[in-house]
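Novice: pasted the sequence and its predicted model underneath.
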Amino acid sequence: MTPKSDAAISLTVNGTDHRLAVPPAAPLLDVLRNDLRLNGPKFGCGLGQCGACTVLIDGLAARACTIPAGSVAGRRIVTLEGLSRDGRLDAVQEAFVAEQAVQCGYCLNGMIMTLKALTLRDPAPDERAIREALRYNLCRCGTHLEILAAARRACGLRPDARLSARDGGA
Amino acid sequence: MTDAARTGDQEEARLVIERGSASGSAETFLIVHADGRVTGHNGHVDLGTGIATALAQIVAEELDAAPDQVAMVLGDTGRTPDQGPTIASETIQVAAVPLRKAAAQARGILLSRAARLLDAAPEDLAIEAGLVFAPGSNRRLGFGEILAGATIRAELDLATPVKPAEAYRLVGTSLPRVDIPDKVSGRATYVHDVRLPGMLHGRVVRPPYAGRDSGDFIGRSLLFVDRASVASLPGFVELVVIADFVGIVCEREDQAAEAARRLKIAWREPPPLPGLDDLAAALTAHPATPRTLSDHGDVEAVLPGSAVRLKRRYVWPYQMHASIGPSCAVADFRDGLLTLWSGTQNPHMLRGDLCRLLQLPPERIDIRRHEAAGCYGRNCADDVSADASLLSRAVGRPVRVQLTRAEEHAWEPKGAAQLIDVEGGLSADGGLAAYDFETRYPSNRGPNLALLLTGAISPDPQPSDMGDRTAIPPYRYAAERIRVHDMAPIVRASWMRGVSAMPNSFAHESFIDELAAAAVEDPVAFRLRHLKDPRAAELVRATAGRAGWVERSGPRRTGDGSGEGGKLYGQGFAYAVYVHGAFPGTAAAHAAWIAEVAVDRRTGEVALERVVVGHDTGQMINPAGVRHQIHGNVVQSASRVLKEEVAFENSTVASRDWGSYPIAQFPEIPDVDVLMLPRPADPPLGVGESASVPSAAAIANAIFDATGVRFRELPFTPERIKAGLDAAWGAPAPPARLEPAAPAPAPGTVSPRRRPPLLRRLLAPVLAGLAATIGTAAVGLVLRAPIAPVAPPDPATWSAATLERGRQLAALGDCAVCHTVPGGSANAGGRAIETPFGTVYSTNITPDPETGIGAWSYPAFARAMREGISRDGRHLYPAFPYSAFAKTGEADLEALYAHLMAQPPVRATPPATALAFPFNLRPLMAGWNALYHKAEALRPVVSRSEAWNRGRYLVEGLGHCSACHSPRNPLGAEKRGAAHLSGGIADGWHAPALDGTGEAPLGWTQDALYAYLRTGRSAEHGAAAGSMAPVVASLTGVPDTDIRAMAVYLASLSKAAPQGDRQAEAARLVAASEADIRPAQSLGARLYDGACAVCHRSGAEATLFNAGTPLALTTAVNAAAPDNLIRTIFGGLAPAASGAHSAMPGFAETFTDRQVAALVSYLRSRFARGRAPWDDVEARVAKIRASLSEASTAGG
Ligand code: FES
Ligand code: FES
């Protein structure tokens, strides 16, 4: 019943097929980070609550910390590293650079991947939809205002839609 | 950036500005390399604030270098000066000063060398983008050319003049941050991403006194630890135990996590913590040393004569730094040398702690500082660094230690609770007559946990003196007395953003607002009259102007909250300057807030809609960076004020995840308008942190403006606000909808003692009587003849078709589910099956002749299947469902026999079943059989379809569904007739009714049944859990037609077939359950929102991979008893083999019983609205937890 630890599993990550001798019950997050040495997805809670570990699975946002690696064989997994093409950042990533939407950046992976998933299913979301999509992605640095600006930019809205009318500053 | 700079500084270094330290070794501040690159060295670290960019900007400015020519090395103990911890936003204000001087000094040295090369006077030369030239000449020299291979070491000269602010070209501009491109692409290496060759993974196992750091039980509570419980797990390397420090090292991270969970360990129960429900009482009772910071004008004499005299108390809760990434470190301890990769905030202080812990001199410890998740103060970064060091020392290899979310939450030194008592008064002319202020701050510098757990330092209470920050009010009171009560922590506490200044300012700024109201004056105008500092007054005026401050002489109370959605709107003001360092301290930036709130009269929700922040930080190095810091501080501090409070239970920290410690979510983020006063000529002040400080008072004052009610205790949760408004105004008319009240557990509720299962206790006397009766009646029937053993038959005698059929039947009958222990060999028996009469162990049904059924002939097998008689003539217990199997046809039984005999034999003797009297008398089963067992095959019902008849044969026969889904009578026999398949119990799980009388909110259709049996999940009902999950897994081997047939038969059992548009009905149920779900107004509601809603909210299925079923549709929430829901919350779900769903995490290690009970009661009230609340939920929770821990102990 309990899978043997040496059973190999197959994973398709960022377009590459991998065959890995890892325990199928190991969290996908651990396998991506430790076996495939990917830094993008981060460990934040292990309970699916914070979003730091978000990857795309078949185009949907997925919380890799709660997903046993053995349960996603054959699915298309994309991590932050897999967003850029030919060295060019994805539009969502570019929006984060443009808006400097990073403080410590630990939550950043989850923000970018969740927004990527949002733009995949809804290329023109409004402010409400953006905020709702990010509701369960937590950021402790309080980078929310810049992240929202980046999200608006990536979704074709004015980045300063909610802020700059009142926000002059230096 | 630090990595780039790390490549061999010493060999390449040419111009070094350094300072000889007392120990003889030199501290480096700046290096100009042979290739012209420049590295600045600073003992402070980048905590995610972009400080690396700002420091590089300062260096580039003084050198007139190109910004990308400069890199910073931050915090590595081997390469940076010891400048103390990175706290109080003082990096730019304090730590950058010598760096700037060093750059200016390097500039002078470079210019004088260039002067010789260019044949000009140094003062005639200019530098642009790192190139030196004489104006009018075309010749330009890079720094490398100027050095021309020379090596120069210069002693840092703090008297070096620096550029005047007017000459700045880079400082004051918003250069983009240097670290962002790598962070958005996943190239950045956080400390969590450090990987070394041969690196192992460690986890710690902490004592039960989470969050406590003084008392003689610290470091002395371990009773025993059972190495054998983990030693044979895959990948296990080492278990390290030093007093109360326990850590496990494994090859893989998932293995270490599993081993930490499985470790059998026992601890002494920690002594009780003083009750923290009443913080004011706890802080008043805690031993303290008063310290008077200011005393003039004799307050005690003045107060009684004041025209208005107010006495107020302000309470600040314990809060968390709550870094998004739990702390992590990698240590490599070899040959008496420790190299440590750490996210520490204070590398040099950590090195001191490690010297003590490991008995090493400082030069044997090399700390490489890496970025981590933002920490906002002292979190567990240093603790985990010490953990990793101890584990690496034990195994002699590099070890990475990652704390869990629960460990970080429970053990981080908290932001301390604080209690502030103020008494003050106005003179007859409305002047500030007196101010008597006392503050209590139970916190210290958070001694390293490993030092405490290993007993390297004594766990004595240690006070510190950090409660005095901004304790002096910014207003001129004629008489003033300011006292701070220094006190040791009650629970582990240390500095957190704003430190004591934030609570102190909450009091100052709330109180001045109350005085303004008492004086019937506008709160801003009143402040301006009394502010001491004209620079502060300027900021206050500018901020009020920017925000469109509306003058008022009392709360505006925009209505009684009954109209327009019950909302009341208000605007509140507060000002503060953050004073840090030893008293009287240094002032950082000034900040003023104008908060605009909407208060919902019915729910008590406070929505922060807009914040205007004025900020005066003197010169700004990078204005965009300053603005980001201000934004971050506004958002974080608003979260703290509105939502955050650490919960304590059972003398320890009960907030161990984001459900029990909610923080701001995107939809709540206010608009923020930042006003930054331009002051390029004034020295730079600490940035950012100041912007947090006025938050609480500004929001409280805005609530007052909206409602006329003062709130003096944080956080401003809907419950607190509603209670306050109700008290002031009387309760509003009851809302039209039903809001579930949080279950209020009786204080001091204790878990009931473990008892034998209820059923067993109640039935025992009856059963004994019955058994006696049967026993007498059954004489003569008890003995059955053994059937002679045979040699195991040769599997070659059966056709492939027969074997295949047998395989399918075994899958259908789930033989392996009961006859295999988790993780054990298939069908070798030994699995414990709980029955009301005791534990029955399943038998070995592999063809091993001695321990299994290898010696069983087919007739022996068939007799067992049909009559429940073992080959040797003994009666089997009806936990083995022979009553159902008896309905199986001859050919199928033969095929099943063939299949089992063709399996590999496993030699294994399962534990003997030992039931209590009278059930231990197996012969009694004969009487049982006489009463309840009919060994006869089913006759087809001709009026029904073939599929129906097939389905019935499978369901009622080998499928033995009724074994779990029918209730049993007191003698353990399935009830028949109307009770057949009307719901039963399996392994403590409720097996729902299959006859259409169940509690599923949507009835089961044939399609739903098919999807459920085939894939383990029906979108209309949810996933198979508990004992049903392995059944579905086993059914994978059964052909589609048979699964379909079972669905046909089961669907036909419902008296009324479900009809109508099922999707619409489901959508209606879900939408109804989520109406008015916000704001969360109880513990249960918050737990749901933080822990469950992300996957289970409606719409999640369209956006999230592996989303859960909306809870309104699940049977567990609608069931008569909460057991299945509780069990699922504890244990989570394993993925379905079909891929229909992946895992759900379990919360047994995260939530307390009280939290689970609150969650369960909330889910019932919210998602099963028409149903009665469950009783005694907390007792059920405790009981189920106890049974789970028993099972895990028994199962090993
Ligand atoms: S780490 Fe996966 S959601 Fe938090
Ligand atoms: S930027 Fe630090 S947690 Fe979001």
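Specialist: Arrived safely. Residues are numbered from 1 along each chain as shown, chains lettered A, B, ... in the order given. Ligands and ions are numbered 1, 2, ... in the order given.
Novice: could I get the buried residue list for the longest helix seen in chain A?
Specialist: Longest helix in chain A by number of residues (criterion: DSSP state H): helix A:108-121. Residues of helix A:108-121 classed as buried by neighbour count (16 or more other Cβ atoms under 10 Å in any protein chain shown): A:L108, A:N109, A:G110, A:M111, A:I112, A:M113, A:T114, A:L115, A:K116, A:A117, A:L118, A:T119. Just so you know, the C-beta spots here come from the backbone N, C-alpha and C atoms, and that holds for glycine as well.
Novice: would you list those residues in TSV and tack on pLDDT and distance to B:A516?
Specialist: Formatted as TSV, the buried residues of helix A:108-121 follow (pLDDT from 0 to 100; distance: Cβ to Cβ, whole Å):
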residue	pLDDT	distance to B:A516
A:L108	98	43
A:N109	98	47
A:G110	98	44
A:M111	98	42
A:I112	98	46
A:M113	98	49
A:T114	98	45
A:L115	98	45
A:K116	98	50
A:A117	98	50
A:L118	97	46
A:T119	97	49
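Novice: between those, which is closest to B:L63?
Specialist: The closest of the buried residues of helix A:108-121 to B:L63 turns out to be A:L108 (Cβ to Cβ; 31.5 Å).
Novice: OK, contacts around that closest one?
Specialist: A:F96, A:A101, A:V102, B:K183, B:V184 (Cβ atoms under 8 Å, 6 or more residues apart in numbering or on different chains).
Novice: list the contacts for the residue most central in space within chain A?
Specialist: Nearest to the mean C-alpha position of chain A, by Cα atoms, centre = their mean, lies A:M113 at 2.6 Å. Contact partners of A:M113, counting by Cβ under 8 Å, 6+ apart, are A:P41, A:T54, A:V55, A:L56, A:A61, A:T79, A:L80, A:L83.
Novice: which segments of the chain make up each domain?
Specialist: I'll assume chain A. Domain assignment for chain A, taken from automatic domain parsing, gives A:8-82, A:91-168.
Novice: could you do chain B instead?
Specialist: As given by automatic domain parsing, the domain ranges for chain B are B:2-177, B:191-271+B:327-402, B:418-729, B:785-937, B:963-1195.
Novice: can you redo the ones you listed as TSV with mean pLDDT?
Specialist: Below are these laid out as TSV (pLDDT from 0 to 100):
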stretch	mean pLDDT
domain B:2-177	83
domain B:191-271+B:327-402	96
domain B:418-729	95
domain B:785-937	85
domain B:963-1195	92
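Novice: turn those into a markdown table, columns for mean neighbour count and distance to A:A124.
Specialist: Conversion of the domains of chain B to a markdown table gives the following (neighbours: other Cβ atoms under 10 Å in any protein chain shown; distance: least, Cβ to Cβ, whole Å):
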| stretch | mean neighbour count | distance to A:A124 |
| --- | --- | --- |
| domain B:2-177 | 19 | 28 |
| domain B:191-271+B:327-402 | 21 | 32 |
| domain B:418-729 | 22 | 18 |
| domain B:785-937 | 18 | 49 |
| domain B:963-1195 | 20 | 16 |
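Novice: can I get those in JSON lines with distance to B:A288?
Specialist: Rendered in JSON lines, the data for the domains of chain B read as follows (distance: least, Cβ to Cβ, whole Å):
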{"stretch": "domain B:2-177", "distance to B:A288": "23"}
{"stretch": "domain B:191-271+B:327-402", "distance to B:A288": "14"}
{"stretch": "domain B:418-729", "distance to B:A288": "4"}
{"stretch": "domain B:785-937", "distance to B:A288": "54"}
{"stretch": "domain B:963-1195", "distance to B:A288": "30"}
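Novice: for ligand 1, what are the nearby residues on chain A?
Specialist: Neighbours of ligand 1 within chain A, by Cβ under 6 Å from any ligand atom: A:F43, A:G44, A:C45, A:G46, A:G48, A:Q49, A:C50, A:G51, A:A52, A:C53, A:R63, A:C65.
Novice: recalculate using a threshold of 8 Å.
Specialist: Within reach of ligand 1 by Cβ under 8 Å from any ligand atom, chain A has these residues: A:29, A:42-54, A:63-66, A:110, A:138.
Novice: restrict those to contacts with chain B.
Specialist: Checking the residues of chain A next to ligand 1 against chain B by Cβ under 8 Å from any Cβ of the partner chain, the ones in range are A:42-52, A:63, A:66, A:138.
Novice: got the residue ranges for the helices in the stretch 451-600 of chain B?
Specialist: Using DSSP state H, counting those that start in this stretch, the helices found in the stretch 451-600 of chain B span residues B:501-518, B:523-530, B:534-547.
Novice: so which of the contacts of A:M113 is the most crowded?
Specialist: Sorting the contacts of A:M113 by how many neighbours each has (other Cβ atoms under 10 Å in any protein chain shown) puts A:T54 first, at 32 neighbours.
Novice: could you pull up the residues touching it?
Specialist: Contacts of A:T54 (Cβ under 8 Å, 6+ apart): A:P41, A:A61, A:A62, A:R63, A:A64, A:N109, A:G110, A:M113, A:T114, A:A117, A:N137.
Novice: could you measure it against A:L28, distance?
Specialist: 11 Å (Cβ to Cβ, to the nearest Å).
Novice: quick check: neighbours shared by those two?
Specialist: A:A62, A:A64.
Novice: which ones are touching B:L954?
Specialist: Residues in contact with B:L954 (Cβ under 8 Å, 6+ apart) are B:L812, B:D1042, B:A1045, B:M1046, B:Y1049.
Novice: hmm, 6 Å instead?
Specialist: B:D1042, B:M1046 (Cβ atoms under 6 Å, 6 or more residues apart in numbering or on different chains).
Novice: again with the one 10 residues further on
Specialist: Contacts here follow Cβ under 6 Å, 6+ apart; on that basis B:C964 touches B:G984, B:A986, B:A991.
Novice: likewise B:P795?
Specialist: B:A902.
Novice: now do B:G724
Specialist: Residues in contact with B:G724 (Cβ under 6 Å, 6+ apart) are B:V709, B:F711.
Novice: neighbours around the residue of chain A found nearest chain B, how many?
Specialist: Closest contact between chain A and chain B, by Cβ to the nearest Cβ, is at A:C104 (2.6 Å). Number of residues near A:C104 (other Cβ under 10 Å) recorded here: 29.
Novice: quick one: pLDDT of it?
Specialist: If you check A:C104, the pLDDT there is 94.
Novice: touching, it and A:T143? I think so.
Specialist: No - with contact defined as Cβ atoms under 6 Å, A:C104 does not count as touching A:T143 (8.4 Å).
Novice: pull up the overlap in contacts between the two.
Specialist: Counting by Cβ under 6 Å, 6+ apart, nothing touches both A:C104 and A:T143.
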